[in-house]
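# Okay, here's the prediction I keep looking at, along with the sequence it came from:
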Amino acid sequence: MEGKAIVFPGISMGVLVSFGALTLCLVLSSASAVLQRFHHPPKPDASLSFFVIGDWGRKGAYNQSQVALQMGVIGEQLDIDFVISTGDNFYESGLTGIDDPAFNESFTKIYTASSLQKQWYSVLGNHDYRGNAEAQLSPALTNLDKRWLCLRSFIVNAEVAEFFFVDTTPFVDKYFLKPKGHVYDWSGILPRQQYISNLLKDVDLALKQSNAKWKIVVAHHTIRSAGVHGNTDELVKQLLPILEANKIDLYINGHDHCLQHISSLDSGIQFLTSGGGSKAWRGVVDWWNPEEMKLYYDGQGFMSVHITETEINVVFYDVFGQVLHKWNSSKQLHSYW
């Protein structure tokens, strides 16, 4: 299916570039950084199915290959449209460059099932920033594997839902103040505060202008989590108020190596962690309000999401493909009378 350009009211358009089923729109704004928008067509019945996986790139180790196997099987059953990666795509320190064999060994050679030969939308995690972050963003990797698309922050309009991918690593103070011997690739980020300010403005504006029935934000770092990393204070203070004000439906992240569902009592946002793509942290969980904590699983696995105009269904799976948890929500159709 060929892509088509989407015109967003109130935003001036720059270059339009087609990538098969995708259309990339570079959105130019004098007040903020460049945001990139893609159009991903839903199925003919206007539904959408996709996987979410995070914290995976270990050349098949720590059950990465087993998770990939189950993704392939269930992906065939669900007829998924794409895959979302929540970051930490390559351990321990990202890629060394565009010719790093880890890209093939941890991605292309692992996710080989026919059902997974779909577009992958990926964000950077903190481990990715420890390597050559620019390499993961390079079109050269897409030339190596056409599924690969990794950007800092971008938007995917899938008609029935709109996805807002946010680069959260630059928000975290300790990576700058106490890097613990790690070297981070901050090229394209500095000056940091200007980058963060522009990004927050872009996200707020995009959410305000969105007419999507379902608004989904994807990032690497947690906002609400009972895992070892817990809440990311910088995001709670700076990003969460924007998400609450714009009434998003889902905040999807990785970072904590677990599967998790926290249902906020304050705003109605569902906080979903899918960070079980390979190495998991057994037995690491802090107490959480049981009214909000719907799932905490300290093992490997992944998540599926199915969306229609009126309903959204989320399912978490373990490394054996067994269902751990289900959640659904519904909305009424728009009234035109």
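Happy to help now that I have it. Numbering: from 1, shown residues only.

# Could you list the low-confidence segments of the stretch 1-150 of the chain?
By pLDDT under 70, the low-scoring segments of the stretch 1-150 of the chain are 1-34.

# do that again at 90, thanks
Judged by pLDDT under 90, the stretch 1-150 of the chain has its weakly predicted residues at 1-35.

# what about the helices in it?
Listed in chain order, the helices of the stretch 1-150 of the chain (DSSP state H, counting those that start in this stretch) span 64-78, 102-103, 126-129, 133-137, 139-144.

# Which residues does the first one contact?
What that stands for is helix 64-78. Here helix 64-78 makes contact (C-beta atoms under 8 Å, 6 or more residues apart in numbering) with 49, 51, 53, 56-58, 60, 83, 106, 110-116, 276-278, 300-302, 304, 306, 317, 319-321. To be clear about C-beta, it is placed using only N, CA and C from the backbone, and glycine gets the same treatment.

# Show me those residues that map onto strands.
Per DSSP state E, strands hold the following members of the contacts of helix 64-78: 49, 51, 53, 83, 301, 302, 304, 306, 317.

# For residue 170, give me phi and psi.
phi -60, psi -10 (degrees, to the nearest 10).

# So what's the residue count around it?
22 (other C-beta atoms under 10 Å).

# Would you mind confirming that it is in contact with residue 193?
No. If you go by C-beta atoms under 8 Å, residue 170 and residue 193 don't touch, sitting 9.5 Å apart.

# what's the helix ranked longest in the chain packed up against?
Assignment by DSSP state H gives helix 192-209 as the longest helix of the chain. Judged by 3 or more C-beta pairs under 8 Å, 6 or more residues apart in numbering; DSSP states H and E, helix 192-209 is in contact with strand 161-166, helix 240-245.

# Now do the very next helix or strand once past that helix and strand 301-307, the angle between them.
Going down the chain from helix 192-209, the next helix or strand is strand 214-219, by DSSP states H and E. Relative orientation of strand 214-219 and strand 301-307, computed by axes from the mean of the first three to the mean of the last three C-alpha atoms, to 10 degrees: 150 degrees.

# picking that back up, any of the contacts of helix 64-78 buried? List them.
With burial judged by 16 or more other C-beta atoms under 10 Å, the buried subset of these is 49, 51, 53, 56-58, 60, 83, 106, 110-111, 113, 115-116, 276-278, 300-302, 304, 306, 317, 319, 321.

# Could you export the helices and strands packed on helix 192-209 to CSV, including columns for mean pLDDT and mean neighbour count?
As requested, the helices and strands packed on helix 192-209 are arranged in CSV below (pLDDT from 0 to 100; neighbours: other C-beta atoms under 10 Å):
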stretch, mean pLDDT, mean neighbour count
strand 161-166, 98, 24
helix 240-245, 98, 17
